[in-house]
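>>> okay, structure incoming, though there's no sequence with it:
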């Protein structure tokens, strides 16, 4: 029926785009994908049609003239045809000030598909001021498999490995000053050695290679390492998360499950935050027996950031995009001059000076 383009710059965008690609296919559309930078060597499974990486793929994306471009990155090539739709690559975890972080408006997107009330209201305020983009609260495609009726087999696999034991997922951001991975390694190793619980271990793809080596070395009868593409199934299988300021904290809490955070940059009532690695065992005990107050805080936060538990955010993204294209979201102003400058910068970075849309 129509051609759509999926765009990513990092591997962690793949789990965001895959549910959307499945929804596009189910609706009779064709999903193409062109990936740059850190995602350039990555692929999505059929029926997605992968375009070649590099300039050849970019030329094919321009020639495709897609109906819309869905971006799970901070930017998108503005000279490719179609509505430019921002899907976000994570939740707002307050790593940076709003103007430099989650709420930064770069003048490249026509539609922001927000995850829940906590981000919808600020983006709508920005849209009212700028006038050159629309905002629709859709939920986040990445979390569709978290609430789907069917399991892709991943969560069941982790549960079989755990047996009757409680399961803990450890995830860490790559930002060095915020990462728990170097600090908690020995404490986690001791927990794994005890065999009391089963551990699923994962790191942000941008973490240092030596950290990957050290955490992979912990795998065995009591732990396994989870690749980025399998993170959602690991979240589905785990009972408790141990993390830091990674956006995985918010993804996990959406399930109404407890999280233990190490030196979180902005600790909230729904977190069990601590700063001494030696206290990890005690924090886990509290997480596996949450108080009514803690559970209430978890539920409230989940409702604020992502109230959708039907596994149909991808369908809402597609519907919002069609509303934008049909003019049902109102008339948008022209993009600011700064977006033209950014478009030239993107052309230079990509080495593409051909004709655009």
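Thanks, I have the structure now. Computed from a predicted structure; not experimentally measured.
>>> buried sites along the helix or strand where residue 16 lies?
Using DSSP states H and E, residue 16 maps to helix 14-26. Using 16 or more other C-beta atoms under 10 Å as the test for burial, helix 14-26 gives 14-24. Backbone N, C-alpha and C define where each C-beta goes, glycine included.
>>> what residues does it touch?
For helix 14-26, contacts defined as C-beta atoms under 8 Å, 6 or more residues apart in numbering pick out 4, 6, 8, 30-31, 33, 39, 42, 44-45, 47-48, 70, 72, 87-89, 140-142, 144-145, 228-229, 231-232, 313-315, 317-318.
>>> stretch 323-336 too?
So stretch 323-336 is contacted by 67-68, 78, 83, 85, 107-108, 110-111, 130-134, 136, 320 (C-beta under 8 Å, 6+ apart).
>>> just give me the closest of these to residue 271.
Closest approach between those and residue 271, by C-beta to C-beta: residue 136, at 29.1 Å.
>>> report the secondary structure state of the closest one.
Look at residue 136: counting by DSSP: H, G, I helix; E, B strand; the rest coil, its state is strand.
>>> where do the strands of the stretch 201-350 of the chain begin and end?
Shown for the stretch 201-350 of the chain, the strands assigned by DSSP state E, counting those that start in this stretch span residues 223-225, 240-243, 259-262, 271-274.
>>> the third one pairs with which strands, and in what direction?
Pointing back at strand 259-262 there. Each strand paired with strand 259-262, and its direction, by DSSP bridges: strand 240-243 (parallel), strand 271-274 (parallel).
>>> so what touches the first one?
Right, the one you point to is strand 240-243. Strand 240-243 has contacts (C-beta under 8 Å, 6+ apart) with 166-173, 180, 184, 188, 235, 248-249, 252, 257-262, 280, 283-284, 287-288.
>>> got any ranges where the stretch 251-357 of the chain has weak pLDDT?
Within the stretch 251-357 of the chain, the segments meeting pLDDT under 70 span 357.
>>> can you give me phi and psi for residue 199?
Backbone torsions for residue 199, taken as degrees, to the nearest 10, come to phi -120, psi 140.
>>> list the buried ones in stretch 124-134?
Within stretch 124-134, the residues that count as buried by 16+ other C-beta under 10 Å are 124, 126-127, 132-134.
>>> which residues touch the nearest residue to residue 11 once chain neighbours are set aside?
Excluding the flanking residues, the one nearest residue 11 by C-beta to C-beta, 6 or more residues apart in numbering is residue 205, at 4.9 Å. Neighbour list for residue 205: 10-12, 38, 174, 228 [criterion: C-beta under 8 Å, 6+ apart].
>>> re the thing from before, filter the contacts of helix 14-26 to the buried ones?
For the contacts of helix 14-26, a burial check counting by 16+ other C-beta under 10 Å picks out 4, 6, 8, 30-31, 33, 39, 42, 44, 48, 70, 72, 87-89, 140-142, 144-145, 228, 231-232, 313-315, 317-318.
>>> right, and residue 111 touches residue 137 too?
No - at 11.6 Å, residue 111 does not count as touching residue 137 under the criterion of C-beta atoms under 8 Å.
>>> which of the two has more neighbours?
A direct count of neighbours by other C-beta atoms under 10 Å for residue 111 and residue 137 places residue 111 higher, at 25 against 21.
>>> wait, what's in contact with residue 81?
Going by C-beta under 8 Å, 6+ apart, the list of residues near residue 81 reads 62, 64-66, 356-357.
>>> quick one: which of these has the most company?
residue 66 (23 neighbours).
>>> right, and the strands of the stretch 201-350 of the chain - which one's nearest residue 160?
Closest among these, using C-beta to C-beta: strand 223-225, at 11.2 Å.
>>> outside of the closest one, which residues touch it?
Here strand 223-225 makes contact (C-beta under 8 Å, 6+ apart) with 158, 161, 192, 198-202, 215-216, 218-219.
>>> and residue 272, how many neighbours?
Residues within reach of residue 272, counting by other C-beta under 10 Å, total 19.
>>> how about it: what's its closest non-neighbour residue?
Using C-beta to C-beta, 6+ apart and skipping residues adjacent in sequence, the residue nearest residue 272 is residue 260, 4.7 Å away.
>>> just checking, the one you found touches residue 274?
Yes - in terms of C-beta under 8 Å, residue 260 counts as a neighbour of residue 274; the distance is 7.2 Å.
>>> more crowded one of these two?
residue 260 (26 against 18).
>>> can you pull the contacts of that one?
Shown in contact with residue 260 (C-beta under 8 Å, 6+ apart): 240-243, 271-274, 280, 283-284, 286-287.
>>> bridging residues for it?
residue 242, residue 272.
>>> can you tell me how far it is from residue 191?
Per C-beta to C-beta, to the nearest Å, residue 260 is found 11 Å from residue 191.
>>> overlap in contacts, those two.
With C-beta under 8 Å, 6+ apart, residue 260 and residue 191 have common neighbours 280, 284.
>>> can you show me the helices along the stretch 101-250 of the chain?
Assigned by DSSP state H, counting those that start in this stretch, the helices in the stretch 101-250 of the chain fall at 117-130, 144-147, 154-162, 181-194, 209-216, 231-237, 248-253.
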